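Colleague: 3D model of this:
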Amino acid sequence: MNRMVHKLLDLSKYEAGRMRVHRRTIQPGQLTERVVADLQVKAQEAGITIHTDYPDNLGLIRVDTDLMEEVLINLIDNALRYAKSQ
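Modeller: Model prediction:
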């Protein structure tokens, strides 16, 4: 519940233009691998294996890594919550 309240506050700050975005240039694979590593235990507990598959030459992206990590965590966490184990 507390997490949801913080997300709503962040969303309202972003929409009001008061949220500061700190963009960095990174390789998308680095960010993805970091998030997947953080969620690997939760996936294993659910009987699910997470695999990543993307080309090595994706290039660089410029994003706020904290915000993008949060997006990826939410996506993967939701997938784990609703996926059937293998």
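
Colleague: which residues does the residue nearest to residue 22 when sequence neighbours are not counted bridge with?
Modeller: Excluding the flanking residues, the one nearest residue 22 by C-beta to C-beta, 6 or more residues apart in numbering is residue 64, at 5.3 Å. To be clear about C-beta, it is placed using only N, CA and C from the backbone, and glycine gets the same treatment. With DSSP bridges as the criterion, residue 64 is bridged to residue 23.

Colleague: list the contacts for residue 64?
Modeller: Going by C-beta atoms under 8 Å, 6 or more residues apart in numbering, residue 64 touches 21, 22, 23, 24.

Colleague: which one of these sits closest to residue 41?
Modeller: residue 24 (26.6 Å; C-beta to C-beta).

Colleague: show me what contacts the nearest residue to that closest one once chain neighbours are set aside?
Modeller: Excluding the flanking residues, the one nearest residue 24 by C-beta to C-beta, 6+ apart is residue 65, at 5.5 Å. Residue 65 makes contact with 22, 24, 26, 31, according to C-beta under 8 Å, 6+ apart.

Colleague: compare those and tell me which is most surrounded.
Modeller: Counting neighbours by other C-beta atoms under 10 Å, residue 31 leads these with 18 neighbours.

Colleague: pLDDT score for it?
Modeller: On the pLDDT scale, residue 31 is placed at 91.

Colleague: likewise residue 55?
Modeller: pLDDT, residue 55: 88.

Colleague: any idea how far the residue nearest in space to the middle of the chain lies from residue 18?
Modeller: For the chain, the residue sitting closest to the mean C-alpha position, by C-alpha atoms, centre = their mean, is residue 72 at 1.9 Å. Computed as C-beta to C-beta, to the nearest Å, the residue 72 to residue 18 distance reads 24 Å.
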